[in-house]
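# Kindly return the folded structure for what I paste below:
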Amino acid sequence: QFAIKDELESKSSYMKQVLADREKYSEMLLDLAPQIANCGVKTPDQLEAFMKEVERRLGRLSDENMVLKAEQFASVWPVRRLETMREAIARRKEIEGLAQSLDFTKPQWGVKLNVRDELQHVIDKFDSVRPIVDNLHRQKDDLEKKYKAERVPFDFGCIKLVHKMAVGLAKYSLRMIDKSYKTLADQVGSDVAVQRLETLIETALRFSFRCHQFAGGFDADATTLFAFANGLLDSLYKENDGEKPKAKSPKKKKKYSPSKVSPVKSSHEVAE
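As a prediction, the model looks like this:
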């Protein structure tokens with residue numbers, strides 16, 4: 001059996017390269033294994049710097065998994081810890097990418113041609129991010145245990161960046177409403193204009209409330225913008241002879257108090 005295996009390996013150019021790598025990089029790998037197993041990185045930034053060098057070295061191998069299957073490496077290689085380190089770095093980059101995807105100031109945002117479409121664009125962006133963050137929250141306890149067991153630093157506080165960007169989206173949508181109201185101010189006598197304004201404001205308020213729940217609060221600026229938009233909607237209802245009930249206000253929600261500055265502080269606002 002071993003003879004057949006040796007013969008197949010000797011005829012395969014792929015396996016020839018793997019065997020050559022095992023011999024060529026043997027010293028490097030045996031030196032790297034204890035460094036990975038014993039490194040005492042304390043912060044995510046230190047971990048990233050350490051793993052950058054590890055990946056640079058492992059990148060020399062033709063096939064990392066096959067090279068490391070050799071008995072001389074398999075018995076000492078810290079597979080689980082290396083996988084956990086890679087996972088932590090990938091997860092951090094994913095969260096940072098989610099936050100960046102909510103940044104409407106970036107050129108790649110792709111602003112739509114009108115307020116209605118842009119509001120929907122904002123909502124779609126938020127809806128693509130929230131399930132991922134919610135899932136991460138559900139996994140948090142298990143992940144913390146896993147990272148602690150492997151001594152891998154990970155700061156779940158980086159999720160706050162996504163929360164901050166969501167509040168920024170809420171403010172962006174509410175400011176769009178203010179601009180739309182001013183644009184259509186001369187047409188408020190028109191039923192079509194009034195209906196359009198009501199729909200836009202209701203959409204922005206519902207979305208902003210979702211952002212408030214997601215982020216765990218508003219900063220002072222967002223609270224003010226929300227109250228202003230809600231006031232505009234109330235005034236439109238009154239001008240419309242009270243044909244529609246007053247819009248649902250987050251103030252009536254037990255978990256929502258826009259009159260107070262919530263955990264997302266104004267000093268952490270997104271650049272407008």
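
# can you count the residues close to Leu233?
By the measure other C-beta atoms under 10 Å, the count of residues near Leu233 is 22. In short, each C-beta sits where N, CA and C put it, glycine included.

# That one against Leu205, yeah?
Yes - if you go by C-beta atoms under 8 Å, Leu233 and Leu205 touch, sitting 6.9 Å apart.

# Secondary structure element holding Leu119?
Per DSSP states H and E, Leu119 falls inside helix 115-149.

# Quick check, Asp63 in contact with Val18.
Yes - the criterion here is C-beta under 8 Å, and Asp63 meets it with Val18 at 5.8 Å.

# ok, those two, which is more surrounded?
Neighbour totals were compared for Asp63 and Val18, and Val18 leads with 19 against 13 (other C-beta under 10 Å).

# how far away is that one from Lys24?
11 Å (C-beta to C-beta, to the nearest Å).

# Same question for Glu48.
Applying C-beta to C-beta to Glu48 and Lys24 gives a distance of 28 Å.

# Could you look up the SS state of Arg60?
Three-state call for Arg60 (DSSP: H, G, I helix; E, B strand; the rest coil): coil.

# And the pLDDT at it?
pLDDT for Arg60: 97.

# If we ignore the residues flanking it in sequence, what's nearest it?
In this structure, Arg60 finds its nearest non-sequential neighbour in Tyr25, 6.4 Å apart by C-beta to C-beta, 6 or more residues apart in numbering.

# residues near that neighbour, how many?
Residues near Tyr25, counting by other C-beta under 10 Å: 19.

# I'd guessed it sits against Leu61; true?
Yes - assessed by C-beta under 8 Å, Tyr25 is found in contact with Leu61 at 6.5 Å.

# Now list whatever residues contact both of the two.
Here Tyr25 and Leu61 have Val67 as joint contacts, going by C-beta atoms under 8 Å, 6 or more residues apart in numbering.

# which stretches of the chain form helices?
2-11, 13-24, 26-38, 44-58, 64-68, 71-74, 79-101, 115-149, 159-183, 191-215, 220-239 (DSSP state H).

# Just give me the residue right at the centre of this protein.
Nearest to the geometric centre of the chain sits Leu98, at 2.8 Å (C-alpha atoms, centre = their mean).

# So that one sits against Lys164, correct?
No - assessed by C-beta under 8 Å, Leu98 is found out of contact with Lys164, at 11.7 Å.

# Low-confidence regions, the stretch 151-272 of the chain specifically.
Flagging of the stretch 151-272 of the chain using pLDDT under 70 yields the residue ranges 184-190, 239-272.

# can you do 80?
Scanning the stretch 151-272 of the chain for pLDDT under 80 picks out 180-194, 236-272.

# returning to what we had before: in CSV: the helices of the chain, plus distance to Trp109.
Formatted as CSV, those follow (distance: least, C-beta to C-beta, whole Å):
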stretch, distance to Trp109
helix 2-11, 53
helix 13-24, 44
helix 26-38, 39
helix 44-58, 27
helix 64-68, 37
helix 71-74, 47
helix 79-101, 9
helix 115-149, 8
helix 159-183, 10
helix 191-215, 16
helix 220-239, 19
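
# Which of the ones you listed sits closest to Pro107?
Nearest to Pro107 among the helices of the chain is helix 79-101 (11.9 Å), distances taken as C-beta to C-beta.

# Show me what that closest one is in contact with.
Contacts of helix 79-101 from elsewhere in the structure, counted by C-beta under 8 Å, 6+ apart, are 36-37, 44, 47-48, 50-51, 54, 106, 125, 128-129, 132-133, 136, 143, 146-147, 150-155, 158-159, 161-162, 164-165.

# Same question for stretch 56-65.
Defining contact as C-beta under 8 Å, 6+ apart, one finds that stretch 56-65 is touched by 14, 17-18, 21, 25, 28, 32, 67.

# Equivalent analysis for stretch 142-150, please.
Contacting residues not belonging to stretch 142-150 are listed as 80-81, 84-85, 88, 91, 136, 153-154, 156 [C-beta under 8 Å, 6+ apart].
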